[in-house]
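*Asks:* Below are the sequence and a predicted model for it; my questions follow.
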Amino acid sequence: MRLGPILAAAVAVAIAGSCWAAAPPPPGHPNPRLQAALRQPTKNGWIFVHLEGDPATIGYQHGYLLAPEIADTQRTIAAVLAQDTKKDWAFFRSAAEQILWPRIESEYREELQGIVEGLQARRVKLDLWDIVALNAWLELGAYYVPWLQKTPVPVPERCSAFIATGSYTKSGEIVFGHNAWTGYAEGARWNIIFDIQPTKGFRLLMDGMAGLIHSGDDFVISASGLMITETTISHFAGFDPSGIAEFVRARKAAQYADSIDSFARIIVEGNNGGYANNWLLGDRKTGEIASLELGLKNVTLQRTTDGYFAGSNTPVNPKLIAEETTFDPADKSSSPNARRIRWEQLMAEHKGKIDVALARTFLGDHLDSLTGQTDPNERTLCGHIDLSPRGLPGWVGPYAPAGAVQAKVADAKMAEQMRLEASMGHSCGLHFRASAFLRRRPAYRPLRPHLKDLPGQPWTMFTTATSPDRLY
């Protein structure tokens, strides 16, 4: 898909006009724990929050500033998990307490407890196990439950992404982009931009969900110079209950790693197999990029200073494919393989020209590599499962309300300046209207309480706050 001149101009205007100038904080605020925090008004579907301080303070600010969104997100995730696993929320609270909490280190325990305190200050009745379970929903539902029941099921295919450097990019420096695939109910709530300035470790700019201490879909820019994203490993099965929760390892690696090697070391240590991903990493200081395929039994790290890595949920290592998945690399009709082929086509066609503008275009691409036709569906980089009569086998059925729900892009220069561009909804601009969809697809009416409109929104620039105000 290529942007027409009118749409391209609109995108440029939206990006150019979207940075905020924050006013100095007013003196003498009655709650000192909120003194350094800010919440900006919703911008093109996104909520921007700045969190700053020690772990407990960051958590409190998070819970307080996003209290209504956390309560709404928890209700939706509980409904989604119940639909997918036939387990009630009490089951996931118990797993959070008994399986995950004993292996969460003190720093992140304090942050999670801080979120609860912030919620309590806003009279939201969620407790610690609600918040831990919410943070772990991606690994508990699709990894822990099948392991516990000894009935492996295909892991949902989530996300399309790429990272490129050297002769593949216009500047010779790193460019990367990612769009998140999930159900539209939960995806409409993946709309937070976090600017986190901890007392220890590196400042982070990332997208995320209200209540999560990690990005979740994982698009992170670190002040260390790292550029971080991932896509899940398709048809993966495996979980180690004695390991450390993936959400803890992902947050810790983003916060403390200053190189590709240190990121790999941190996220591999205590690996529980939950939310198994192919991590796409870049170090803007060196121009090096990497693919870290993190299975439970097999870990593969590839790296280059001249090339690209693309993610479409396709597992890479043949040994991992054989031992840890039921994936068929030869099936060109499957969503992961069709998207992998499309990434290869785009990288070859645009070698030497890839920049942020092209990255935006890639993430809105509707060419189906199997048919060669422009046809938004489950096989296109911008996923529209709701338009597919096939659905996405192993995850959701025909015309299910699922697919790409938002997108992010950045290059090395932007990462140095702690900036990213983000688009809420389908970045191609196609709108999802919940009421109209439910009239056409009555089978999905049980989702009515949680399904919201997901309009395509303009690309918007976000950067770290410099002078926090208090818009909460």
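*Replies:* Looks like it came in fine.
*Asks:* C-alpha from now on. contacts and neighbour counts both.
*Replies:* Fine.
*Asks:* Hmm, Arg379 and Ser388 touching each other?
*Replies:* No - using CA atoms under 8 Å as the test, Ser388 is too far from Arg379 to be in contact (9.1 Å).
*Asks:* who's more crowded, the two?
*Replies:* A count of neighbours by other CA atoms under 10 Å puts Arg379 above the other of Ser388 and Arg379, at 30 against 18.
*Asks:* The closest residue to the more buried one other than its chain neighbours and Trp395, how far apart?
*Replies:* Excluding its sequence neighbours, the residue lying closest to Arg379 (CA to CA, 6 or more residues apart in numbering) is Ser335, at 4.4 Å. Counting by CA to CA, to the nearest Å, the separation of Ser335 from Trp395 is 11 Å.
*Asks:* who has more neighbours, these two?
*Replies:* Ser335 (26 against 15).
*Asks:* And that one, how close does it get to Lys125?
*Replies:* Ser335 is 40 Å from Lys125, by CA to CA.
*Asks:* Val409: what secondary structure?
*Replies:* With DSSP: H, G, I helix; E, B strand; the rest coil as the basis, Val409 sits in strand.
*Asks:* For the residue nearest to it when sequence neighbours are not counted, pull up the helix or strand it's in.
*Replies:* Leaving aside its chain neighbours, Val409 sits nearest to Gly177 (4.2 Å; criterion: CA to CA, 6+ apart). Following DSSP states H and E, one finds Gly177 within strand 175-183.
*Asks:* got the residue ranges for the strands in the stretch 51-200 of the chain?
*Replies:* For the stretch 51-200 of the chain, applying DSSP state E, counting those that start in this stretch gives strands covering 160-165, 175-183, 192-198.
*Asks:* Ok, which of these comes nearest Thr314?
*Replies:* Nearest to Thr314, of all these, is strand 160-165, at 10.1 Å by CA to CA.
*Asks:* Tell me where the model's unsure across this protein.
*Replies:* Along the chain, segments meeting pLDDT under 70 span 1-29, 466-472.
*Asks:* Please repeat the previous calculation with a cut-off of 50.
*Replies:* For the chain, residues meeting the criterion pLDDT under 50 lie at 1-27, 467-472.
*Asks:* Find the centremost residue of it, please.
*Replies:* With distances taken as CA atoms, centre = their mean, Asp217 lies nearest the centre of the chain, 1.6 Å away.
*Asks:* Verify the stated contact: it with Ala180.
*Replies:* Yes - between Asp217 and Ala180 a contact is recorded at 6.2 Å, counting by CA under 8 Å.
*Asks:* Tell me where the stretch 301-450 of the chain has strands.
*Replies:* Under DSSP E, counting those that start in this stretch, the stretch 301-450 of the chain gives strands at 307-311, 367-368, 373-374, 402-411, 419-424.
*Asks:* Just name the most buried of those strands.
*Replies:* Burial of the strands of the stretch 301-450 of the chain is given as mean neighbour count (mean count of other CA atoms under 10 Å); strand 402-411 ranks first at a mean of 28.
*Asks:* Please name every helix or strand in contact with it.
*Replies:* Here strand 402-411 touches strand 175-183, helix 184-187, helix 356-363, strand 419-424, going by 3 or more CA pairs under 8 Å, 6 or more residues apart in numbering; DSSP states H and E.
*Asks:* Give me whichever of the ones you listed is most buried.
*Replies:* The most buried one of these (mean count of other CA under 10 Å) is strand 175-183, showing a mean of 28.
*Asks:* where along the stretch 251-400 of the chain do the helices fall?
*Replies:* Along the stretch 251-400 of the chain, counting by DSSP state H, counting those that start in this stretch, helices occupy 260-268, 318-324, 335-349, 356-363.
*Asks:* Columns distance to Leu148 on top of the ones you listed, output as a markdown table?
*Replies:* Listed next are the helices of the stretch 251-400 of the chain as a markdown table, based on distance: least, CA to CA, whole Å:
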| stretch | distance to Leu148 |
| --- | --- |
| helix 260-268 | 22 |
| helix 318-324 | 16 |
| helix 335-349 | 27 |
| helix 356-363 | 36 |
